[in-house]
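# predicted model, plus sequence, below.
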Amino acid sequence: MNSSAIPLSAVRPGDVLLHRGVGPLSDLIAWASNSIYSHAAMALEADTMIEAGATGVITRTMSTRLTDTTNYTLIDVYRFGPAGAGPDAAQLAALEAKARSFLGTPYPLDKLFELGVVCAVRSQLDWPEPLRWLLRVALDHVVESDPNQMVCSEFVYRSYAEADTQPAGALRPVIEVVEQKPAPFPKIDWIALIEEYEDARHHSANRALPAAPSAPRALSTAASASADPHIAAQAALIRARRAGPAKRTLAAKAIVDPFPNTATVSPQDFAASPSFALQGRVLPAA
């Protein structure tokens with residue numbers, strides 16, 4: 001697992017950018033998926049990224065995001081393909097076309113709590129891997145997926161899975177069911193959480209670009225990669241799983257969810273997927 005710093009110039013179109021955000025909402029999202037990540041986006045060409053947020057699917061300047069240490073503590077870069085080779089030219093064109101076709105798609109803020117509960121139940125129950133897979137499949141049937149709304153990781157997954165490739169589905173990410181120990185519940189400032197959620201709803205209702213970053217907030221214990229032993233433990237677990245030969249090939253036998261409910265795909269699913277290889281970190285932890 002390569003978590004060394006890499007320059008922005010090393011990021012390629014199609015790379016998946018997994019973020020850790022600052023604030024109670026990010027803390028809860030990361031906890032619900034038993035992960036260090038709370039947001040997913042995708043790189044495009046010429047210093048451009050595309051993501052689903054409170055204002056819907058939009059493009060942003062990547063270099064600006066990388067300097068936003070007020071709202072994000074780290075951004076890790078994951079690349080598709082064996083050993084992170086990346087999509088070929090035709091696949092990349094199809095991927096970018098599909099991602100851009102989602103521009104303007106709204107974010108399902110009203111369903112965020114429901115999605116969070118489902119992800120938390122399937123990630124935080126200490127069940128062995130076969131039962132965890134059955135639980136995921138069962139819960140995915142409970143959540144109704146609305147194709148006209150998308151959360152961040154759903155946007156990235158659907159861009160890859162639905163890209164018009166030959167053969168069809170050539171970029172569909174493999175989603176593995178990873179056996180992990182439950183994470184301790186983070187310390188949450190509940191007033192700040194309500195204010196953050198209401199602020200997101202305001203931006204969503206107005207469908208305007210987000211306001212300039214607010215004044216820096218205190219970094220919670222769960223958001224500090226250097227101070228949270230659970231984050232270190234999960235990083236070690238992912239590193240160990242990736243080190244094994246079965247983790248390095250898409251043909252290896254594993255418990256997978258071949259057609260997951262796209263609404264419940266999490267940023268952690270990309271980190272644990274054998275379809276992607278970690279390239280490095282472009283925004284070091286604060």
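Noted; the coordinates are in hand.
# Ser4 contacts Arg281, correct?
Yes: taking contacts as C-beta atoms under 8 Å, Ser4 lies within contact range of Arg281: 7.0 Å. C-beta: built from backbone N, CA, C; applies to glycine.
# between these two, who's got more neighbours?
A side-by-side neighbour count of Ser4 and Arg281, using other C-beta atoms under 10 Å, places Arg281 first with 18 against 9.
# quick one: secondary structure of the more buried one?
strand (DSSP: H, G, I helix; E, B strand; the rest coil).
# give me the low-pLDDT residue ranges for the stretch 1-150 of the chain?
Residues of the stretch 1-150 of the chain meeting the criterion pLDDT under 70: 1-3, 110-142.
# now do the helices in it.
Per DSSP state H, counting those that start in this stretch, the stretch 1-150 of the chain carries helices over the ranges 24-32, 62-66, 89-101, 112-124, 129-142.
# quick check: what element follows the last one along the chain?
In the C-terminal direction, the helix or strand that comes right after helix 129-142 (DSSP states H and E) is helix 152-161.
# tilt between that next one and helix 24-32?
Inter-element angle recorded for helix 152-161 and helix 24-32: 60 degrees (by axes from the mean of the first three to the mean of the last three C-alpha atoms, to 10 degrees).
# could you say what helices and strands helix 152-161 packs with?
Applying 3 or more C-beta pairs under 8 Å, 6 or more residues apart in numbering; DSSP states H and E, we find helix 152-161 packed against strand 39-43, strand 48-53, helix 89-101, helix 267-272.
# let's go with 6 Å and repeat that
The contact analysis (3 or more C-beta pairs under 6 Å, 6 or more residues apart in numbering; DSSP states H and E) places helix 152-161 against strand 39-43, strand 48-53.
# between helix 152-161 and the last one, find me the angle.
Between the direction of strand 48-53 and that of helix 152-161, the angle (the same axes, to 10 degrees) works out to 130 degrees.
# in terms of secondary structure, what does strand 48-53 contact?
Using 3+ C-beta pairs under 6 Å, 6+ apart, the elements in contact with strand 48-53 are strand 39-43, strand 56-61, helix 152-161.
# one more time with 10 Å, if that's ok
Here strand 48-53 touches strand 16-21, strand 39-43, strand 56-61, helix 62-66, helix 89-101, helix 152-161, helix 190-206, going by 3 or more C-beta pairs under 10 Å, 6 or more residues apart in numbering; DSSP states H and E.
# check the shortest one too.
Other helices and strands packing on strand 39-43, by 3+ C-beta pairs under 10 Å, 6+ apart, are strand 16-21, helix 24-32, strand 48-53, helix 62-66, strand 72-80, helix 89-101, helix 152-161, helix 267-272.
# mind giving me the packing neighbours of the second one?
I take that to be helix 24-32. Looks like helix 24-32 contacts strand 16-21, strand 39-43, helix 112-124, helix 190-206, helix 229-243, helix 267-272 (3+ C-beta pairs under 10 Å, 6+ apart).
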